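Enquirer: Give me the fold of what follows.
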Amino acid sequence: MPAIAPREPVEEFRALGVEAFTTTRSGGDYGLGDGDPPAAAVARWAALQASLGPVAPRLASARQVHGTRILEHDAEWYGWRRFEGADGHFALGAGIALAVTIADCVPVFVAHPQSGTVALLHAGWRGTAGRILAKATGLMVQAGLAPADLHVHLGPAICGRCYEVGPDVFEQLTGWSTVRNRHVDLRALLAEQAKEQGIAHLSASAFCTRCDNDRFFSHRSGDVQRQVSVILRPITSSRAASGMEHLPDARPRTQVP
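Expert: Numbers count the residues shown, from 1 in each chain. Alright, predicted model coming up:
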């Protein structure tokens, strides 16, 4: 059996000038937990930031809470920063890598081809029910971008055959009442929500984190580890393009709560 690559790229976004990918099991564990983060995971995040540094000197992540809060990033910080209490990221400018951790929930990649504006969402059942994608689309519209021009990719996540939820969750997701557990396809629901927002360019990973547990970590399979999804619009070439001309002695810094 061939070795599993450490990243699954979003091939559909390459033509847009946007880099996007999800790490695989072979890429290691990026889970930081709620207490003191494991040293190995912190080192892995630092290595990720260093590898992206030439084209994205800023890497933004957050302590995820299964909500719908989306952070907009445009500040002149440098290195990796982990923010508090958010499940989405939005960046108008180049050189800012956005990251979410997953292990069954859906990483939702959003890109606007002409402007290079990008967003990345962590959508479990709560984020899907709370319509986090509609919120991200609203931010794009506020920035003057048309939903019809947006491209959305739904990354590796648990499939509808593997994802069973209780009656209350099923009703929150679908609006339908039931008296027993049901299976739900979060990516299918998110695709429907995208179409409702006027988004026509949709693609999805073929992988299920549980069916393909040899390739990805899966919470439903008992894994405590997490993979990371990343999206960015690379800076063009010069240090001036990254806004770093005033930071000649800057070095990557890590800020982990």
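Enquirer: Flag every buried residue along the helix ranked longest in the chain.
Expert: With DSSP state H setting the assignment, residue counts place helix 39-52 as the longest helix in the chain. For helix 39-52, a neighbour-count test (16 or more other CB atoms under 10 Å) marks 41, 42, 44, 45, 46, 48, 49, 52 as buried. Any C-beta I mention is one placed from the backbone N, CA and C, and that applies to glycine too.
Enquirer: pLDDT (mean, whole number) over the following helix or strand past it?
Expert: Next along the chain after helix 39-52, taking DSSP states H and E as the criterion, comes strand 58-63. Averaging pLDDT along strand 58-63 yields 97.
Enquirer: Show me what strand 58-63 pairs with in its sheet, parallel or antiparallel.
Expert: If you go by DSSP bridges, strand 58-63 pairs up with strand 79-84 (parallel), strand 96-102 (parallel).
Enquirer: Show me what secondary structure element comes after the longest one.
Expert: Meaning strand 96-102. For strand 96-102, the following helix or strand on the C-terminal side (DSSP H and E) is strand 106-111.
Enquirer: gap between that following strand and the chain center?
Expert: Centroid displacement of strand 106-111 relative to its chain, using CA atoms, centre = their mean, to the nearest Å, is 6 Å.
Enquirer: Tell me where the stretch 101-250 of the chain has helices.
Expert: Assigned by DSSP state H, counting those that start in this stretch, the stretch 101-250 of the chain shows helices spanning 125-129, 132-142, 167-174, 186-196.
Enquirer: Between strand 106-111 and the last one, find me the angle.
Expert: I take that to be helix 186-196. Helix 186-196 runs at 30 degrees relative to strand 106-111, counting by axes from the mean of the first three to the mean of the last three CA atoms, to 10 degrees.
Enquirer: residues in contact with helix 186-196?
Expert: The contact list for helix 186-196, computed with CB atoms under 8 Å, 6 or more residues apart in numbering, reads 105-106, 108, 123-125, 128, 131, 133-134, 137, 152, 154, 157-160, 163, 173-174, 202, 204.
Enquirer: swap the cut-off to 6 Å and go again
Expert: For helix 186-196, the external contacting residues (CB atoms under 6 Å, 6 or more residues apart in numbering) are 106, 128, 133, 152, 154, 157, 202, 204.
Enquirer: nearest to residue 184, of these?
Expert: Distances from residue 184 to those, taken as CB to CB, are shortest for residue 128 (8.8 Å).
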